[in-house]
Each structure stands twice: as C-alpha cells, then as structure tokens.
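A.B. asks: sequence unavailable; structure follows:
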C-alpha cells in the first residue's frame with residue numbers, strides 16, 4: 001500500500017473530522033471478551049517508523065516464532081529489515097537498507113542450509129533476501145538491470161515452485177508506484193516479476209496489460225485442484241483507474257501479460273483502481289475458491305471462482321452517511337470470519353469517507369458472505385485503520401474482529417505538531433459491541449499478528465506503532481501481549497494476508 005500517501009492525509013483528514021466517537025461498551029455486557037487476563041510480556045523500540053505488518057517464523061531454533069518487520073522513512077531515505085526474538089523481544093539482527101521497507105516478510109530456505117530466510121521489499125527499488133539466522137545479505141535486487149529503464153517500489157510477494165531448476169523456490173512480486181509524482185500526474189506502468197529465489201536474477205518481467213501503475217501484492221490463486229493456477233494482480237491507484245486481473249506464471253516468464261483476463265473493471269468515469277490485496281475463500285460451498293476484493297472506488301465485490309461472475313457487490317457509498325457519501329476509499333484488505341451461525345464465512349471491511357487526500361470519517365461494516373447483505377455497520381471519526389483480523393477469542397464458535405484505528409488531536413503547538421494515537425479493539429458479533437484493549441500513542445497502520453508464538457496452547461498478539469509519520473527522528477515500537485486465551489482449533493484470519501501470508505482464508 002502507499003504508506004506515504006496514507007500518512008500524508010492525516011493532518012488534512014483530521015482538520016475535516018471534528019471530534020472522535022466512542023468505541024467502548026459497558027463492561028456489564030456479557031458478550032464482551034474479558035481483557036483483564038491480557039498480559040504485556042515485552043515492548044521494544046527502534047529507529048525510524050514501521051508500516052510493515054509483522055510476520056513470524058522460528059529463526060533461531062528455539063521453537064518460538066520470531067517476528068520480522070521492515071522499517072524506515074521516505075525523507076530522508078532510510079530503512080532496515082529487523083528480526084526480533086519472539087521470546088524476549090531482543091533484536092536478533094538489523095539489516096540497514098537505505099530506503100523505507102514497508103512490505104511484509106516472507107520466509108523460505110534460499111541458501112540451502114535447511115533454515116528459513118527472509119525476503120522483504122520497499123521503496124527505491126529495494127528488495128532484499130536476508131539469511132534468517134545471521135542477518136547477512138543473500139542477494140539484493142539489481143536495479144541496474146537492463147530489463148527495464150526504471151524500477152519502482154516492491155510489494156509483498158509470494159514464493160512459487162522452482163522455475164530455474166536450482167532446487168530453491170522462486171519469487172513472484174509486483175513492482176510499481178512512483179511516490180515522486182503529483183496525485184494527477186501521469187504514471188509509468190508497473191510490472192509483474194518472477195525472480196530466482198537463490199540469486200535474485202530476473203526470470204521474467206511483464207508490463208501491466210493496461211499500462212497502469214500497480215500497488216497490489218500479487219496472489220497465487222488455484223481455485224480447485226482440477227483447475228489451473230493463476231496469478232491475481234491489480235492496477236491503478238488513488239487517482240488513476242485500474243482493474244483486478246488474472247494471468248499465468250508462463251505469461252510472466254514470457255514477458256507478455258497483454259492477454260490477461262480482466263476480472264473487475266474500473267467504474268465508469270472514475271479514476272480509481274485497486275490497492276488492497278484480495279482474499280481467497282469459498283463463498284458458494286462448491287469447494288471452488290472464490291475472491292473478495294475491495295476496490296479503491298468503494299466497491300466490495302465477491303467473485304465466483306468458476307467463471308469470474310459476480311456473486312454480490314456492496315458499494316460503501318450507498319451506505320455511508322445514510323447513502324449520501326460521494327466518495328469512499330480503502331487501502332485495507334478485508335478480513336473474513338465466521339460472524340454468524342451459518343457455514344459461510346463473512347466479510348469485514350474498512351472504508352474512509354471522502355476523496356484522497358480530504359477525508360471526513362470512517363465507515364466499517366460486516367457483510368454476509370453468502371448474500372452480500374450489510375449485517376452491521378458504524379461510522380467513526382478515525383483517521384486510519386489497519387487491515388483487520390478475525391479469530392474466535394471466547395470459544396463460542398464465532399470469530400471476533402481485532403482491529404486498529406488511529407486518531408489525531410491538536411495541542412497548543414498547533415497543526416504542525418499533532419498528537420497521534422491509536423486504539424486496539426475487539427468487535428464482537430454476538431452483540432455488535434466494541435471492546436477496547438489498548439489506547440496508545442503514535443500511529444499504527446500495520447495489521448497485528450495473532451498466533452500461538454511459543455506453542456503453549458494460548459494465543460499471543462504482536463502489534464506495532466510509530467511515533468510519527470514524517471519526523472527524521474521517528475521511532476517504531478513493537479509489543480507482545482499474551483492473551484491467555486486457548487488457541488482455537490482453527491484461526492480464520494490471524495495476520496495480514498492470512499495465516500500463511502498468501503491471501504487464502506482458513507475456512508472450516
């Protein structure tokens with residue numbers, strides 16, 4: 001996602017927003033999750049900011065998952081990839097990059113030593129493969145490659161089966177977006193790319209079929225074992241139209257995806273595209289995986305995996321501000337969860353009300369996965385929201401939503417020195433209530449991570465924050481909170497891009 005653009009809207013949005021709404025409910029409500037057992041285990045901070053959602057893998061062999069994030073700032077250009085010990089919060093290694101690293105980590109053995117390594121990308125054509133144990137560089141993307149004249153930002157990618165025959169999984173990613181351009185200034189097209197996992201060598205690169213920019217992290221999509229594997233990607237941005245597309249690995253390797261299938265087209269006369277990553281799940285109970293995508297123009301669309309027909313569509317503009325909202329937009333990937341008693345997972349979405357960069361409020365909603373009916377919604381005066389998670393926290397066989405929403409207040413120092421804060425809260429579908437977990441200083445636009453880090457049978461939560469959005473002296477924080485709640489048999493959506501970081505929902 002375009003972190004610089006999200007953060008640059010904070011001051012403008014809060015000038016329009018007015019006072020903040022309440023997000024808590026009475027403690028006497030029997031449906032609320034008891035948070036008094038939540039225990040803060042450690043907190044760690046470091047230089048720069050972080051907008052990279054935490055992902056985890058055991059890097060030091062102690063059978064406890066460790067956490068990796070990217071950090072940095074756009075101006076002056078600085079950054080790093082940091083691995084944190086999941087047990088005690090100590091830094092395992094910190095690899096400096098010289099550019100902001102905003103994507104999320106993926107893990108695979110890249111050097112043949114039997115241990116997991118890390119790939120993470122960011123601004124300024126930065127893409128790094130790091131030895132997971134030592135923190136040493138395995139390879140760096142060669143921005144001097146003659147394959148293209150210009151290279152852009154790298155987004156969260158996916159490992160794919162070995163293409164070049166060296167026994168190492170290879171790397172699918174997208175490259176695009178030019179933050180130096182003004183909002184309505186013409187942009188160069190982005191690329192889909194496949195790189196050697198062992199060396200970073202380009203195995204295939206293809207221009208977007210509509211010659212538009214790209215910001216979406218690609219998804220490897222296999223609707224059914226009997227069907228061909230496809231690659232989902234998006235085009236367009238905040239001020240340029242774009243679509244959701246499907247292509248093949250072979251087409252990328254051949255350098256030509258001009259025959260890609262357009263799954264979702266732009267709205268007529270609206271210059272908005274696709275930024276957030278779709279989620280993959282079965283909504284029709286036919287054992288074929290379907291697609292749910294949140295377009296930047298306000299549409300949430302469920303797409304049948306058999307033929308790409310529309311199952312249902314919800315336009316946030318038809319609901320926000322009693323159906324009078326002229327614009328609703330989102331950077332947030334939706335969450336899927338079991339919020340009702342039926343067997344079909346439901347969808348939870350966040351949209352800003354307004355048009356970038358001037359927003360007035362936030363619209364949050366739960367959509368019935370089978371019918372597309374908006375089952376619950378609320379509007380608040382928040383300025384940001386991370387992509388939410390869905391997990392059963394009280395053993396009632398319904399998933400709760402864990403979400404982070406940001407706020408800004410001005411003090412006597414004026415609008416150039418706002419006070420940023422964010423709240424971590426739980427939405428409970430049994431009574432549609434919000435229960436506050438934390439209210440902390442700083443901004444947080446990265447999704448949390450909820451999993452059993454230490455294999456003790458209970459859930460832990462990792463959250464992050466940044467002290468500012470543009471200060472050269474900004475710092476990041478990471479928090480481990482033991483929820484002391486038994487881990488459910490199945491976690492539906494426990495991290496950004498899902499439990500396996502691949503966009504696929506863990507369904508019952």
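C.D. replies: Yes, it's here. Fair warning: this is a prediction, and the values are worked out from it, not measured in the lab. Numbers count the residues shown, from 1 in each chain.

A.B. asks: which strand or helix spans residue 192?
C.D. replies: strand 191-195 (DSSP states H and E).

A.B. asks: now for that strand, which elements pack on it?
C.D. replies: Contact here means 3 or more Cβ pairs under 8 Å, 6 or more residues apart in numbering; DSSP states H and E; on that basis strand 191-195 packs against strand 170-176, strand 202-207, helix 249-253. C-beta: built from backbone N, CA, C; applies to glycine.

A.B. asks: pick the most deeply packed of the ones you listed.
C.D. replies: Highest mean neighbour count among the helices and strands packed on strand 191-195 (mean count of other Cβ atoms under 10 Å): strand 170-176, with a mean of 25.

A.B. asks: for it, packing partners?
C.D. replies: Against strand 170-176 (3+ Cβ pairs under 8 Å, 6+ apart) you get strand 153-154, strand 158-160, strand 191-195.

A.B. asks: could you list the buried residues of the strand holding residue 192?
C.D. replies: 191-195 (16 or more other Cβ atoms under 10 Å).

A.B. asks: then stretch 223-243?
C.D. replies: 223, 230-243.

A.B. asks: of those residues, closest to residue 360?
C.D. replies: Nearest to residue 360 among the buried residues of stretch 223-243: residue 238, at 16.5 Å, using Cβ to Cβ.

A.B. asks: what's the neighbour count on the closest residue to that closest one other than its chain neighbours?
C.D. replies: Nearest residue to residue 238, sequence neighbours excluded (Cβ to Cβ, 6 or more residues apart in numbering): residue 356, at 4.6 Å. By other Cβ atoms under 10 Å, the residues close to residue 356 number 22.

A.B. asks: repeat for residue 375
C.D. replies: 16.

A.B. asks: residues contacting it?
C.D. replies: For residue 375, the contact set (Cβ atoms under 8 Å, 6 or more residues apart in numbering) comprises 339-340, 346, 366-368.

A.B. asks: can you tell me the helix or strand for it?
C.D. replies: strand 374-380.

A.B. asks: quick one: mean pLDDT for that strand?
C.D. replies: Mean pLDDT, strand 374-380: 97.

A.B. asks: what do you get for stretch 231-244?
C.D. replies: Here the average pLDDT along stretch 231-244 is 97.

A.B. asks: can you give me how far it is from the chain middle?
C.D. replies: Stretch 231-244 has its average C-alpha position 16 Å from the chain's average C-alpha position, going by Cα atoms, centre = their mean, to the nearest Å.

A.B. asks: also stretch 342-361?
C.D. replies: The answer for stretch 342-361 is 14 Å, by Cα atoms, centre = their mean.

A.B. asks: pull out the buried positions in it.
C.D. replies: For stretch 342-361, using 16+ other Cβ under 10 Å, the buried residues are 344-354, 356, 359-361.

A.B. asks: try stretch 248-267
C.D. replies: Buried residues in stretch 248-267 (16+ other Cβ under 10 Å): 248-249, 251-252, 257, 260, 263-264, 266.

A.B. asks: for residue 446, helix, strand, or coil?
C.D. replies: Taken by DSSP: H, G, I helix; E, B strand; the rest coil, the conformation at residue 446 corresponds to coil.

A.B. asks: tell me how many other residues surround residue 376.
C.D. replies: 15.

A.B. asks: quick one, what contacts it?
C.D. replies: 365-366, 429, 432.

A.B. asks: try 7 Å
C.D. replies: 365-366, 432 (Cβ atoms under 7 Å, 6 or more residues apart in numbering).

A.B. asks: if you rank those by neighbours, which is first?
C.D. replies: With neighbours set by other Cβ under 10 Å, the maximum within those is found at residue 366, which has 24 neighbours.

A.B. asks: please name the nearest non-neighbouring residue to that residue.
C.D. replies: In space, residue 366 is closest to residue 376, 4.5 Å off (Cβ to Cβ, 6+ apart).

A.B. asks: cool, residue 303 as well?
C.D. replies: That would be residue 291: by Cβ to Cβ, 6+ apart, it lies 4.2 Å from residue 303.

A.B. asks: looking at the helix or strand harbouring that neighbour now, give me its mean pLDDT.
C.D. replies: Secondary-structure assignment from DSSP H and E places residue 291 in strand 290-294. Averaging pLDDT along strand 290-294 gives 99.

A.B. asks: contacting residues for residue 153?
C.D. replies: 122-123, 175-177.

A.B. asks: mind doing that once more with 10 Å?
C.D. replies: 2-4, 99-100, 102-103, 121-127, 174-179, 190, 213-215 (Cβ atoms under 10 Å, 6 or more residues apart in numbering).

A.B. asks: buried members of these into ChimeraX, please.
C.D. replies: Entered in ChimeraX, the line below selects the buried ones among these, by 16+ other Cβ under 10 Å:
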select :2,3,4,99,100,102,103,121,122,123,124,125,126,127,174,175,176,177,179,190,213,214,215
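
A.B. asks: how near is residue 288 to residue 367?
C.D. replies: 20 Å (Cβ to Cβ, to the nearest Å).

A.B. asks: re the thing from before, adding secondary structure, pLDDT and distance to residue 84, write the contacts of residue 375 out as a markdown table.
C.D. replies: Output for the contacts of residue 375, formatted as a markdown table (DSSP: H, G, I helix; E, B strand; the rest coil; pLDDT from 0 to 100; distance: Cβ to Cβ, whole Å):
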| residue | secondary structure | pLDDT | distance to residue 84 |
| --- | --- | --- | --- |
| 339 | coil | 98 | 32 |
| 340 | coil | 96 | 37 |
| 346 | strand | 99 | 33 |
| 366 | strand | 99 | 33 |
| 367 | strand | 99 | 35 |
| 368 | coil | 99 | 38 |
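
A.B. asks: how is this structure divided into domains?
C.D. replies: 34-48+277-507, 175-272 (the TED database).

A.B. asks: so which of those domains gets nearest residue 89?
C.D. replies: Taking the domains of the chain one by one with Cβ to Cβ, domain 34-48+277-507 is closest: 3.5 Å.

A.B. asks: so how far is the closest one off the chain centroid?
C.D. replies: The answer for domain 34-48+277-507 is 9 Å, by Cα atoms, centre = their mean.

A.B. asks: max-length strand in this structure?
C.D. replies: strand 475-486 (DSSP state E).

A.B. asks: packing partners of that strand?
C.D. replies: strand 39-47, strand 66-73, strand 78-84, strand 433-441, strand 449-451, strand 458-466 (3 or more Cβ pairs under 10 Å, 6 or more residues apart in numbering; DSSP states H and E).

A.B. asks: listing partners with orientation, what would you give for it?
C.D. replies: The pairing partners recorded for strand 475-486 under DSSP bridges are strand 39-47 (antiparallel), strand 458-466 (antiparallel).

A.B. asks: what residues of the last one count as buried?
C.D. replies: Translated: strand 458-466. 459-466.

A.B. asks: now render the residues you listed as TSV, adding distance to residue 381 and pLDDT.
C.D. replies: Listed next are the buried residues of strand 458-466 as TSV, based on distance: Cβ to Cβ, whole Å; pLDDT from 0 to 100:
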residue	distance to residue 381	pLDDT
459	30	98
460	31	99
461	25	99
462	27	99
463	22	99
464	23	98
465	20	97
466	21	95
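
A.B. asks: that older thread, residue 446: which of the buried residues of stretch 342-361 is nearest?
C.D. replies: Nearest to residue 446 among the buried residues of stretch 342-361, with distances taken as Cβ to Cβ, is residue 350, at 13.8 Å.

A.B. asks: quick one: neighbours of residue 161, just the number.
C.D. replies: Residue 161: 9 neighbours (other Cβ under 10 Å).
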